[in-house]
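> structure here, sequence nowhere to be found:
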């Protein structure tokens, strides 16, 4: 088992390198390149002036393709890492913050690449992949003892519920990260009209589609979490900080869907709601470090 755990960590290290390199390439692709031009101007008195001008142009298409290839490499190595740890533990790695975050890295990469393929929007990777790389850095900073495979504590020994409940949370967070990236790019494209960025309408639709996947997943997180809480602690709801934060996050995305579907909100107002909602996601993810609570075991 120790060998499998070690190999799993080596695969994670390889995935980290691939994701960091991919994030750098996506940023270069989205920002573009600066081209300097020299112009010679003739004056009325027969002299010439040399003028220099700089312009921002789209990056080479090869940079974007290389970024996507590196992202797939990262997903492949991370999938191998998760698979090896699953074999070592005899269960999906979802029991502590190291395992949860590692699985999130994998699913965030897969979800982003699927949206990239569906919409053909590589510029989205300039936001999603740095988030994935940052999550990899966070995992490296976690205590080394969390990398070990340990027996589940009694509260976590309901494997079917743990698997579905935590997996739905990871899926929700991954799709919300894509929606956040779409909202950021929308605000940039809508204000500065950068020629090679996707159209604001496409980005607005992409963010909405991501939320339509993440919101039902987040709903299942709350429902299954309540069932699990009753079986583990004898009550459906404790107003635990993690529970409360998850409910608050769900409500914000509910407001986003309500205002879009029934009020006809589009564009900047919806994008701002997605930014606020993703801030709530980040708080839900890490808030237990500040407030503790029943979800504080294993750093989860």
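On my side now, so go ahead. Predicted model only: the values in this text are computed from it and were never measured.
> which intervals of this protein have sub-threshold pLDDT?
Within the chain, the stretches with pLDDT under 70 are 32-59, 154-155, 157, 195, 288-300.
> name the SS class of the most centrally placed residue in the chain, please.
Note on the chain: the residue nearest the mean C-alpha position is residue 177, at 3.8 Å, using Cα atoms, centre = their mean. Classification of residue 177 by DSSP: H, G, I helix; E, B strand; the rest coil places it in helix.
> what does residue 91 give?
Secondary structure assignment for residue 91 (three-state DSSP): coil.
> name the nearest residue to it, sequence neighbours excluded.
Setting aside the residues directly before and after it, residue 91 is nearest to residue 159 in space (Cβ to Cβ, 6 or more residues apart in numbering), at 6.0 Å. From N, CA and C alone the C-beta is placed, and that goes for glycine too.
> what is the burial count for the one you found?
Residue 159 is flanked by 14 other residues according to other Cβ atoms under 10 Å.
> same check, this time on residue 222
By the criterion of other Cβ under 10 Å, residue 222 has 17 neighbours.
> got a list of what it touches?
246-247, 250 (Cβ atoms under 8 Å, 6 or more residues apart in numbering).
> which of those has the largest number of neighbours?
Most surrounded of these: other Cβ under 10 Å gives residue 246, at 24 neighbours.
> element containing that residue?
Residue 246 belongs to helix 241-261 when assigned by DSSP states H and E.
> tell me what that helix is packed against?
Applying 3 or more Cβ pairs under 8 Å, 6 or more residues apart in numbering; DSSP states H and E, one finds that helix 241-261 contacts helix 200-233, helix 268-286, helix 288-291.
> any idea how far the longest one is from the chain center?
The reference is to helix 200-233. Taking Cα atoms, centre = their mean, to the nearest Å, one finds helix 200-233 lying 14 Å from the centre of the chain it belongs to.
> ok, the residue nearest to residue 20 when sequence neighbours are not counted - contacts?
Distance criterion Cβ to Cβ, 6+ apart; nearest residue to residue 20, sequence neighbours excluded, is residue 133 at 4.8 Å. Applying Cβ under 8 Å, 6+ apart, we find residue 133 in contact with 16, 19-20, 22-23.
> tabulate those (a markdown table), appending distance to residue 277, secondary structure and neighbour count.
Output for the contacts of residue 133, formatted as a markdown table (distance: Cβ to Cβ, whole Å; DSSP: H, G, I helix; E, B strand; the rest coil; neighbours: other Cβ atoms under 10 Å):
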| residue | distance to residue 277 | secondary structure | neighbour count |
| --- | --- | --- | --- |
| 16 | 28 | helix | 22 |
| 19 | 24 | helix | 29 |
| 20 | 27 | helix | 19 |
| 22 | 25 | helix | 27 |
| 23 | 23 | helix | 25 |
